[in-house]
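> below are the sequence and a predicted model for it; my questions follow.
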Amino acid sequence: MRAYLDSLRDAGDLHVVRREVDPKHELAAVTAAFQKRHDGAILFENVRGAAMPVVSNVYGSRRRLCASIGAPDLAFCPAWNRLMTGAPERADLQQVPADRRRIALSDLPQPVYFEKDAGPYITSGILLANHPETGVPNLSFHRAMHVDDGELRIRIGSSHDLTRYQQAAEAKDEPLEAAILIGAAPEIFLAACASIPPDADELAVANAVAGGPLDMARCETVGLSVPADTQIVVEGRILPHERRPEGPFGEFMGYYVPEEPNHVFEVTAVTACADPVYHALVCGSPEDLIPLETAVASKIYRHLTARLPGILDVACSPQLLNTVVKIRPQYDGHARHVLLAAFGAHMDYSKTCMVTDEDVDIHDLNDVWWSFVTRGRADTRSLVVPDVPGFYRDPNRDHWGRLGIDATKPWGREAEFERKRIPGGDGIDLAGWLA
């Protein structure tokens, strides 16, 4: 994380706030205002009541995420797929001596993000755990509500791999040992976002992104090794057969998740490197949605390319529940096949799906919707599939059903829909004209 922040500073992508900021609401408010104008990271050097700085929006840029995996054209999914194809089956790890110091959970910054949040939350924490039977490591994101120095309460989604790990431990009446990584290196963050087969090793994904062996250090109180350069590590255990109230909390869809009984994380130690930086992530912000979007889109891309020709790229824009697929049409009705396949690619998402030609910017919903309304009929190019279960947390079935939109050019009439262009328009540097 430190090296990455230095690289952002050198590139002019790290903006520093030196005046004091209140971690209750004000830090989130400043970050949200900043994100409307910049895609860089923002570093708060003086956080009230905290002995360490706080950084946010580290991963709130599609441009930087694509650059980190060698996709300068912003086509994240094909580049990520190539990277995963070359990933090792198991991670190449090397143990190094731990150089960390003990701190208390209450020594960490205590950000409260939204008006009705139950209290301070760890939002960027990556939970590392090994399967109780297979030993396969899992990296995943789960919010954690501060209770006291010995307890966090975490939300584990029912469709997440960590749920299987916890259930396997709980079936034996045992706690699941885990570590929460705050301020891990970018390759760890990207691996935690990745959607890979349940028995695959996410540390191996981090290995592939890093391009070399990962340095790991032993935890002090649990039988795990963690990436050695992680800024802050919260060690502990997820207790079996124990659920306690957690929430409300402002989640990624833009609404509050109500108070519910959720898992209890018993804190056994908190360690930090020298001069740590705390990573605070505003849920539902670009830093939350862009990495999640690349993970969901990459899973859908893999599913589609294994079944159909002509798949060029996938995005989930402007929200994870909407999938946009860019294709090079191969036959009449190709887009409808893509729609049906996309609906089955991810049971939680793809509530709506749109298919476009290759001349459309799938990250700009204005461009996608323009292609639909200008390239044919509205009634015959939409597809409704009723009563299909959707997002796992949906007791009132608000996310049931699927809507498909074919925004491609009519088959055989492509020449009629050639986009107009101004020669040389893409190369104009306005600074040279307006100076």
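Yes, it's here.
> show me what the lengthiest strand in the chain packs onto, helices and strands only.
With secondary structure taken from DSSP state E, the chain has its longest strand at strand 232-246. For strand 232-246, the elements it packs on are strand 151-154, helix 161-171, strand 176-182, strand 260-272, judged by 3 or more Cβ pairs under 8 Å, 6 or more residues apart in numbering; DSSP states H and E. To be clear about C-beta, it is placed using only N, CA and C from the backbone, and glycine gets the same treatment.
> closest to G427 out of those?
The minimum distance between G427 and the helices and strands packed on strand 232-246 falls on strand 176-182, with 43.5 Å, by Cβ to Cβ.
> compute the inter-axis angle for the next helix or strand along the chain from the closest one and strand 176-182.
Scanning the chain past strand 176-182 towards its C-terminal end, the next helix or strand to appear is helix 186-193 (assignment: DSSP states H and E). Inter-element angle recorded for helix 186-193 and strand 176-182: 130 degrees (by axes from the mean of the first three to the mean of the last three Cα atoms, to 10 degrees).
> what's next to helix 186-193, contact-wise?
Outside helix 186-193, the residues within contact range by Cβ atoms under 8 Å, 6 or more residues apart in numbering are 1, 4, 59, 65, 68-69, 126, 139-141, 181, 184, 202-203, 205-207, 209-210, 214, 227, 230, 291-292, 294-295.
> which of these fall in helices?
Filtering those for membership in helices, criterion DSSP state H, returns 4, 65, 68, 202-203, 205-207, 209-210, 291-292, 294-295.
> list the contacts for I362?
With contact taken as Cβ under 8 Å, 6+ apart, I362 is in contact with 313-315, 317, 324-326, 356, 368.
> check the spatially closest residue to R218 that is not a sequence neighbour and give its pLDDT.
The shortest distance from R218 to any residue that is not its chain neighbour, by Cβ to Cβ, 6 or more residues apart in numbering, is 5.5 Å, and that residue is S225. Predicted confidence (pLDDT) for S225: 94.
> next, work out how far apart S225 and R19 are.
Counting by Cβ to Cβ, to the nearest Å, the gap between S225 and R19 amounts to 39 Å.
> have a look at those two and say which one is more surrounded.
In terms of neighbours (other Cβ atoms under 10 Å), S225 is the more surrounded of S225 and R19; the figures are 21 against 8.
> next up, the contacts around that one.
Contacts were defined as Cβ under 8 Å, 6+ apart; by that measure S225 touches 93, 95, 216-219.
> what do you get for E202?
Applying Cβ under 8 Å, 6+ apart to E202 gives the contacts 137-139, 191-192, 194, 196.
> circling back to that earlier point, so which of the helices and strands packed on strand 232-246 comes closest to E242?
Using Cβ to Cβ, the helices and strands packed on strand 232-246 put strand 260-272 closest to E242, at 4.7 Å.
> pull out the buried positions in the closest one.
Taking 16 or more other Cβ atoms under 10 Å as the basis for neighbour counts, the residues of strand 260-272 that come out buried are 262-265, 267-272.
> quick one on the thing from earlier: so which of the helices and strands packed on strand 232-246 gets nearest R375?
Distances from R375 to each of these were compared using Cβ to Cβ; the minimum, 40.1 Å, belongs to helix 161-171.
> in CSV, list the C-alpha atoms belonging to the longest strand of the chain.
Once non-C-alpha atoms are left out, strand 232-246 reads as follows in CSV (Å, rounded to 0.1, in the frame of the first residue of the first chain):
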residue,chain,number,x,y,z
ILE,A,232,-3.1,-3.2,9.9
VAL,A,233,-4.2,-6.8,10.7
VAL,A,234,-7.1,-7.6,13.0
GLU,A,235,-6.7,-11.3,14.2
GLY,A,236,-9.6,-13.3,15.6
ARG,A,237,-12.2,-15.9,15.3
ILE,A,238,-15.7,-16.1,13.9
LEU,A,239,-17.7,-17.7,16.7
PRO,A,240,-19.9,-20.7,16.0
HIS,A,241,-23.7,-20.6,16.7
GLU,A,242,-23.5,-17.0,17.8
ARG,A,243,-25.4,-14.1,16.1
ARG,A,244,-25.8,-10.6,17.5
PRO,A,245,-27.4,-7.4,16.3
GLU,A,246,-25.5,-5.5,13.6
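> now A51. Nearest residue, chain neighbours left out?
Nearest-residue entry for A51: D107, 6.4 Å, with adjacent residues in sequence omitted and distances by Cβ to Cβ, 6+ apart.
> to clarify, my last question referred to D173.
Once flanking residues are discounted, D173 sits nearest to P240: 5.7 Å by Cβ to Cβ, 6+ apart.
> doesn't P175 make contact with that neighbour?
Yes: when contacts are counted by Cβ atoms under 8 Å, P240 is listed as touching P175 (5.7 Å).
> neighbour count winner among those two?
Set side by side, P240 and P175 show unequal neighbour counts under other Cβ under 10 Å, the larger going to P175 at 21 against 17.
> thought the more buried one was touching H241?
No: at 9.9 Å, P175 and H241 do not qualify as touching, with contact defined as Cβ under 8 Å.
> ok now the helix or strand following the longest strand of the chain, how far from the chain's centre?
On the C-terminal side of strand 232-246, the closest following helix or strand by DSSP H and E is strand 249-250. Here the centre of strand 249-250 is set off from its chain's centre by 17 Å, with Cα atoms, centre = their mean, to the nearest Å.
> as a check, name the ranges of all strands in the stretch 51-200 of the chain.
With DSSP state E, counting those that start in this stretch as the definition, the stretch 51-200 of the chain shows strands at residue ranges 54-56, 93-95, 101-103, 121-122, 126-130, 137-141, 144-148, 151-154, 176-182.
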